[in-house]
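Peer 1: predicted coordinates and the sequence they were generated for:
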Amino acid sequence: MTNLTTLGKSAKSAAQTLATLSTATKNDALLAIANALTDNADFILAENEKDLENGRTNGMSESLLDRLALSTERITAMADGIRQIAALPDPVGEVLHMTKRPNGLKIGKTRVPLGVIAIIYEARPNVTADAAALCLKAGNAVILRGGKEAINSNAAIERVMLESAIAAGLPEGCMSLVKDTTRESATALMRLNDYVDVIIPRGGAGLIRAVVENATVPAIETGTGNCHVYVDNSADLKMATDIVINAKTQRPSVCNAQEKLLVHRDVAEKFLPTILPQLAEKGVEIRGGDCVRKIYPNAIPVTDNDWKTEYLDLVIAVRIVDSVDTAIAHINEHGSKHSEAIITSDYANSQKFLDQVDAAAVYVNASTRFTDGFEFGFGAEIGISTQKMHARGPMGLSELTTIKYVIYGNGQVR
């Protein structure tokens, strides 16, 4: 696609300049961007309303509408996240180590930008701001390709950010939005090897699978969130109740929301009659097997497919287990390697859970909702990586860099 080639060339040129900009220049630009977002909130909200109206007309679910919706508070949060990114240490140029060889060569390893990063994402316009700000702080140019559901919102945010970034001294092409939201444009971006250094999908399982299977550009896999909370037999049940309610209902449409509840058999008959009605009162549909439905008859029969499903909605599947080992085995078989939690007062069980659960983020006595770049102190995140190469968990500034070896000599030859 000619337009993508043009965007790619512009981004490649911008990346060369961005890699050499001072931290102060980048930070000043980010602060200008943050101010511009709040100053232009009315414009952004008006464009967002167009997307919301289209979504309602097309029968978009309430959970997806929530992901799409912006508000003054959410725009303020986006701007605050960018200000936090500006306040973070700049990873570019950090010397990771320096050694001296017997022949006198000094060999060092330093952080450098990845170059041009492409982000493909779905109906969450805040990703436009988060992703662009992180990429720019780490010295990268960014090509954004959002979903058709959020095209008006994304275009408004990109316009405001780009104008303020250029006015603050960043190069043309430092960020761009692919306005063609067809599947063909996404596929073409995945194969723009001459200009894109890495591509990161951020969205549901279908999008992530499409990028991983079709991209010729190197991809970092961000994961779906089939997240579990396991309530151990030693758990403080009041704590467990608070955590489960928060993890499931505080914002069910996001990847770090709880989707499954595992409860030890010893406390099931005490805990489930307490927690399940409270979840139901908040609109959560309960699914469970025979043992769960014996305790809570209003539960809908669970299917094998449920255990691997990321609902992103007010739905939860519940299982009674015999031990922490059974819970760990269930999570490792069915989980998506995103975020998992144990509620327990047993130190040995907590350590076993931490050691043996295969996930990017593993919690003891806390909600899975904390798996987030802002909550981890990164300002924002480019996504939650569930792979094991290069980056895992919330991807902040350091994960948007690579390394370069620098070698100092005084005439050595081999």
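Peer 2: Yes, it's here. Fair warning: this is a prediction, and the values are worked out from it, not measured in the lab.

Peer 1: alpha carbons only for contacts and neighbour counts from here, please
Peer 2: Noted.

Peer 1: tell me the SS of the residue nearest to I44 when sequence neighbours are not counted?
Peer 2: On the basis of C-alpha to C-alpha, 6 or more residues apart in numbering, the spatially nearest residue to I44 that is not a chain neighbour turns out to be A156, at 5.6 Å. Three-state call for A156 (DSSP: H, G, I helix; E, B strand; the rest coil): helix.

Peer 1: now the element after the helix or strand harbouring A46, going C-ward?
Peer 2: If you go by DSSP states H and E, A46 is part of helix 41-57. Sequence-wise, the next helix or strand downstream of helix 41-57 (DSSP H and E) is helix 62-68.

Peer 1: thinking again about what came up before, for the residue nearest to I44, the count of nearby residues, please.
Peer 2: Neighbour count for A156, taken as other C-alpha atoms under 10 Å: 21.

Peer 1: A14 too?
Peer 2: 23.

Peer 1: mind checking the backbone torsions on it?
Peer 2: phi -60, psi -40 (degrees, to the nearest 10).

Peer 1: correct me, but it touches A141?
Peer 2: Yes: with contacts counted by C-alpha atoms under 8 Å, A14 reaches A141, the gap being 6.3 Å.

Peer 1: mutual contacts of those two, please.
Peer 2: 173-174 (C-alpha atoms under 8 Å, 6 or more residues apart in numbering).

Peer 1: the residue nearest to I44 and V244, how far apart?
Peer 2: 37 Å (C-alpha to C-alpha, to the nearest Å).

Peer 1: list the contacts for N193?
Peer 2: N193 neighbours (C-alpha under 8 Å, 6+ apart): 216-217.

Peer 1: roughly how far does it sit from E285?
Peer 2: 45 Å.

Peer 1: for I208, same thing?
Peer 2: 27 Å.

Peer 1: who has more neighbours, those two?
Peer 2: Per other C-alpha under 10 Å, whichever of I208 and E285 has more neighbours is I208, with 21 against 17.

Peer 1: assign the residue lying closest to that one once chain neighbours are set aside to helix, strand or coil.
Peer 2: Closest residue in space to I208, ignoring its immediate chain neighbours: P201 at 5.6 Å, by C-alpha to C-alpha, 6+ apart. Following three-state DSSP, we place P201 in the strand state.

Peer 1: could you measure P201 against I300, distance?
Peer 2: 33 Å.

Peer 1: so what's the gap between stretch 14-22 and the chain middle?
Peer 2: 25 Å (C-alpha atoms, centre = their mean, to the nearest Å).

Peer 1: do the same with stretch 407-414
Peer 2: Offset of stretch 407-414 from its chain centre (C-alpha atoms, centre = their mean): 43 Å.

Peer 1: okay, it in CSV with CA atoms only?
Peer 2: Only the C-alpha atoms of stretch 407-414 are listed here, as CSV (Å, rounded to 0.1, in the frame of the first residue of the first chain):
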residue,chain,number,x,y,z
ILE,A,407,33.8,-1.3,22.0
TYR,A,408,36.7,1.0,22.8
GLY,A,409,40.2,0.1,21.6
ASN,A,410,43.6,1.6,21.1
GLY,A,411,44.7,-0.1,18.0
GLN,A,412,44.0,-3.8,18.7
VAL,A,413,43.9,-6.2,15.7
ARG,A,414,43.0,-9.9,15.7
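
Peer 1: give me the residues contacting that stretch.
Peer 2: Contacts for stretch 407-414 (C-alpha under 8 Å, 6+ apart): 103-108.

Peer 1: closest to A77 among the residues you listed?
Peer 2: Proximity of these to A77 (C-alpha to C-alpha) peaks at G108, which lies at 38.6 Å.

Peer 1: which strand residues bridge the closest one?
Peer 2: M98, V406 (DSSP bridges).

Peer 1: can you name the residues that contact it?
Peer 2: Per C-alpha under 8 Å, 6+ apart, neighbours of G108: 95-99, 405-407.

Peer 1: any idea of the pLDDT on it?
Peer 2: Predicted confidence (pLDDT) for G108: 97.

Peer 1: next: A133.
Peer 2: pLDDT at A133 comes out at 95.

Peer 1: centre of the chain versus stretch 213-226, how much separation?
Peer 2: 12 Å.

Peer 1: quote the end-to-end distance of it.
Peer 2: Across stretch 213-226, first to last residue, C-alpha to C-alpha, it's 21 Å.

Peer 1: one step back: the residue nearest to I44 and E47 touch, don't they?
Peer 2: Yes: A156 is within contact range of E47, at 6.7 Å (criterion: C-alpha under 8 Å).

Peer 1: which residues of the stretch 251-400 of the chain fall in helices?
Peer 2: 265-281, 290-295, 324-334, 347-356 (DSSP state H, counting those that start in this stretch).

Peer 1: relative to V116, which of the ones you listed is closest?
Peer 2: Short answer: helix 324-334, nearest of those by C-alpha to C-alpha, at 34.5 Å.

Peer 1: the inter-axis angle of the closest one versus helix 347-356?
Peer 2: 20 degrees (axes from the mean of the first three to the mean of the last three C-alpha atoms, to 10 degrees).

Peer 1: what is helix 324-334 packed up against?
Peer 2: helix 347-356 (3 or more C-alpha pairs under 8 Å, 6 or more residues apart in numbering; DSSP states H and E).

Peer 1: export the helix it packs on as PDB, just CAs?
Peer 2: The C-alpha atoms that make up helix 347-356 are tabulated as PDB, following Å, rounded to 0.1, in the frame of the first residue of the first chain:
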ATOM      1  CA  TYR A 347       3.300 -19.000  53.600                       C
ATOM      2  CA  ALA A 348       4.300 -22.400  52.000                       C
ATOM      3  CA  ASN A 349       1.300 -22.400  49.700                       C
ATOM      4  CA  SER A 350       1.900 -18.800  48.700                       C
ATOM      5  CA  GLN A 351       5.500 -19.600  47.800                       C
ATOM      6  CA  LYS A 352       4.500 -22.700  45.900                       C
ATOM      7  CA  PHE A 353       2.000 -20.700  44.000                       C
ATOM      8  CA  LEU A 354       4.600 -18.000  43.200                       C
ATOM      9  CA  ASP A 355       7.200 -20.600  42.100                       C
ATOM     10  CA  GLN A 356       5.000 -22.900  40.100                       C
END
